[in-house]
Each structure stands twice: as C-alpha cells, then as structure tokens.
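next come a sequence and a model predicted from it.
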Amino acid sequence: PPAKAPHPPNPADQELELAAFSFLTELLKVESHRQHSLEDAKLLKAVSALAMDSNAAPLLRLGAVRFLAALAPFAEEEEEGDGEDAEEKKEAPPLPAMRLAAIFSSLLQTGEGATKKSEEQGKTSGGGSAFLSGRRKIAAAASGASLTKKSDEPDNEALALAASGLSCAFHVLSTEARTEVLSALSDRFVRLVDSLLSAVKRNPRSPRRPAHSGLLAYEVGAALLGALGDGSCRRAMLEPRLLSAMFRFLLILKHVAEPPASGKDQEGKDEVPSEDQVLLNAAATQALLILSVLMRPASSETTIGSSWKEVISGAEATTDSVLSKKKKRAGGATAAGGLSTALRGGGGSEGEAVKAVEASSAAGLVSVLRELAGDKGDCAAAVAAGKVLDLVEGE
C-alpha cells in the first residue's frame, strides 16, 4: 500500500517543544543542570539532529541552535592518547567541542553553493581532514531535503548563534580545521554583504535589510577578530572576496541604516537606534579593526595575489553600480547627513522624501574613512579608520 502522508505538525505541540527548549536553555545557567545536559547523549543527539534538520519548524530549529550555542563555552575537548595513556583516558564526552564546531560550521555552510564549495575544499585537502569529514557526515545525516536548496538555509539569528558557538570552540581546532572554519565565516560574511546590496537594489529609496543582519554581521566579525592572533588565520583571512566584502560593507552601511521611528522622543532627545542597528555599527568597527591589522604587513599583497588598490577599486566599482542607480531613482538627491550620523541611526527629519544619497565620487572609500576617522563618538572606529586611511592613501 502507498505510504501515508505525514500528519501536519500540531501548532500546540510545537509551542510546547519551543517552551521546553527555552526552559532547558535557561537551566544551562545552573552548573548542575548544565553538567547533566553535557552528559546526556540522547538529548545532545536529538538536539544536534534538529539543529541540522532543514525540514524542522524554523523556530524549533532556532531553539536547538540556541541551546547548542549556550553549551559551547562549556564543551569538553576529546582527550587523545595511546598505550597506557589510552586506558587512563576519560570517557569521551557525548558532544566534544570538535564535533560541536563541526555542527556550527555546517550550519554556516548551508545554502546555495555550499555543497560545491565543501567538495572543492575536500579535493584541495585530499580528504584528510577529520574536521571536514565530520562536517560532511553531519550534513549527510541531516534529514529532509538537500542542504544546497536556498529554502533550507537557517535565518540570520540561527547563523549568528552558530558563529558565536564557533568562537567558543575555535581554540580546540587544528590549524587545518581553523582554516576551514574561517572559510565558512568568510563566505557567510560575503553572502551577508551581497544580501545588503540586493536590498538596496530592490528598494533604492528605503532598503529593508534582512532581519537580524546586524546580529549576524557582529557575531561573524567577532569570530574573525578573535582569530587575528593566529598567524595562519591571518594569512587565511587575506582572501580577496572577504576583504572586498569588508570594504563594500563600509561603503553601503549608511544606505541600509535604519532610521529611528521618529526624530525625537517625548523628552526631545534623539531616538536610540534599534539593537540590530547598534550591532551593525559595531560590526563596522570590527571590520575596520580587522582591516587595520591585515593591511599593515608589506607582504600582505603577496598573500592576496593583487594590490590593495585593486581590491578597493573592485569594491568601489561594485557598490558604485548600485548606489548610482539609487541616486538616479531618487532624483539626484544630495546628502542630508554624514556617515557617522547614519551609523547612529539618524535618517533625517520626518517627511523627508528621500534618504541621503551622495554622488559616487564623494562616496568612495577614502571619503567614508575620513568621515569615520573624524567622528570621535566611536573612539575605536575613529582610530581604526584613521589607520586604514593612512594605509589606503599610502598606496
């Protein structure tokens, strides 16, 4: 007889499951409950499978990823040993930090083009990486449709949690595994910037960026920033696509900034920007700090395979093709506020028909960096922008 179609999920059951996830995640703050969860193999296996299940309800999948990310700082390393040491070795934890990192990395690699890139990495590494092999097994074990389908991609909040979890497990990874993780993080940042550019293309007058874009940009930026202390990681980050994406991110940031709901609050003070806008601003500071470190060594251009000037020109050309269309559709509007104002969430007065748009010649990277370097409201961003500006102008 033909197989019966599965019953549609019961919303009430999903609400109970989501509430259970929230409760379990809160319990992780208590040491005794956290230790019990770390030792519960059945629970960890079920949660890991749900986190990678592309057919799971999005909120349940998000709950699973949030639970794993909350566990990440406490995940144990799997001890190695042979001979007498092997007998004395502790029993392997049900979910060691290495496997947890593989789960997070697989999540970041889901979406269009992910499988092809993973296959290319396997060929270049000769298939010898235990971390990459583990990541493939996790992806293959995930129930449901292929992870390469765009609809299977987790939302930005789940991806941000995965990036946050990777930051916690990064120290246990081998050099080769770290390089693979950085590739996943870099690719995710590039795709995020592409989505922001697409938002400007779709609606030049009032771009609506994808939800939780600021959160994802911040968590990926934090993971990349934390990897700068490792020499092999710095070399891995000198990749033209990532560097170009960082420059493009700085160039388009004010065009995707969220204006406050109203110009002033009840007390006549400026509205506080949304939490996601604050995170997006913080991600811009992270990008500046990363660039100020990566651009300094004279050997960096050799690693990149091209000059910094070429990378910057390519980023400017890509963004200019989008922003020039925005300016044309907006009727040639002139700038009503600087980048620093937009970064803080200012979008001009109420009733303003068109958001501030600068001519492409004034929206180049040098102009953006000068404006950021002159804004002492964010000291870290101002200093980093000044260093990057000196390096750019010295080209």
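Received the coordinates, thanks. Numbering: from 1, shown residues only.

gap between residue 315 and residue 207?
Note on residue 315: its distance to residue 207, by CB to CB, to the nearest Å, is 18 Å. Just so you know, the C-beta spots here come from the backbone N, C-alpha and C atoms, and that holds for glycine as well.

neighbour count for the two, which is higher?
Using other CB atoms under 10 Å, the more surrounded residue of residue 315 and residue 207 is residue 315, with 24 against 21.

give me the low-pLDDT residue ranges for this protein?
Counting by pLDDT under 70, the chain has low-confidence residues at 1-10, 79-90, 111-153, 259-271, 325-363, 395.

identify the residue nearest the geometric centre of it.
Centrality entry for the chain: nearest residue to the mean C-alpha point is residue 220, 3.4 Å, by CA atoms, centre = their mean.

could I get the contacting residues of it?
Residues near residue 220 by CB atoms under 8 Å, 6 or more residues apart in numbering: 160, 163, 185, 188, 189, 192, 283.

list only buried entries from those residues.
Among the contacts of residue 220, those classed as buried by 16 or more other CB atoms under 10 Å are 160, 163, 185, 188, 189, 192, 283.

residue 307: which of these is nearest?
residue 189 (21.9 Å; CB to CB).

surely that closest one touches residue 245?
Yes - the criterion here is CB atoms under 8 Å, and residue 189 meets it with residue 245 at 5.7 Å.

rewinding a little: would a markdown table of the contacts of residue 220 with distance to residue 303 and secondary structure be doable?
Formatted as a markdown table, those follow (distance: CB to CB, whole Å; DSSP: H, G, I helix; E, B strand; the rest coil):
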| residue | distance to residue 303 | secondary structure |
| --- | --- | --- |
| 160 | 29 | helix |
| 163 | 24 | helix |
| 185 | 18 | helix |
| 188 | 21 | helix |
| 189 | 18 | helix |
| 192 | 24 | helix |
| 283 | 24 | helix |
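
nearest to residue 57 among these?
Using CB to CB, residue 160 comes nearest to residue 57 of the contacts of residue 220, at 18.9 Å.

can you pull the contacts of that closest one?
Residue 160 sits next to 212, 215, 216, 218, 219, 220 when contact means CB under 8 Å, 6+ apart.

do the same with residue 370
Counting by CB under 8 Å, 6+ apart, residue 370 has contacts residue 389.

what of residue 224?
Counting by CB under 8 Å, 6+ apart, the residues that residue 224 touches are 182, 185, 186, 189, 237, 286, 290.

pretty sure it is in a helix, no?
Yes - the assignment for residue 224 (DSSP: H, G, I helix; E, B strand; the rest coil) places it in a helix.

residue 300 - how many residues pack around it?
Neighbours of residue 300 under the rule other CB under 10 Å: 18.

okay, helices next: where are they in the stretch 251-395 of the chain?
Here the stretch 251-395 of the chain has its helices, by DSSP state H, counting those that start in this stretch, at 275-294, 300-304, 308-329, 339-343, 365-374, 379-393.

for residue 235, which three-state class applies?
Look at residue 235: counting by three-state DSSP, its state is helix.

now it: closest residue in space that isn't a chain neighbour?
residue 303 (5.7 Å; CB to CB, 6 or more residues apart in numbering).

so residue 210 sits in a helix?
No - applying three-state DSSP, one finds residue 210 to be coil, outside a helix.

quick check on it: phi, psi?
Residue 210 adopts backbone torsions of phi -60, psi 150, taken as degrees, to the nearest 10.

residues contacting it?
The contact partners of residue 210, by CB under 8 Å, 6+ apart, come to 156, 195, 196, 199.

in strands only, show me those residues.
Taking DSSP state E, every one of the contacts of residue 210 sits outside strands.
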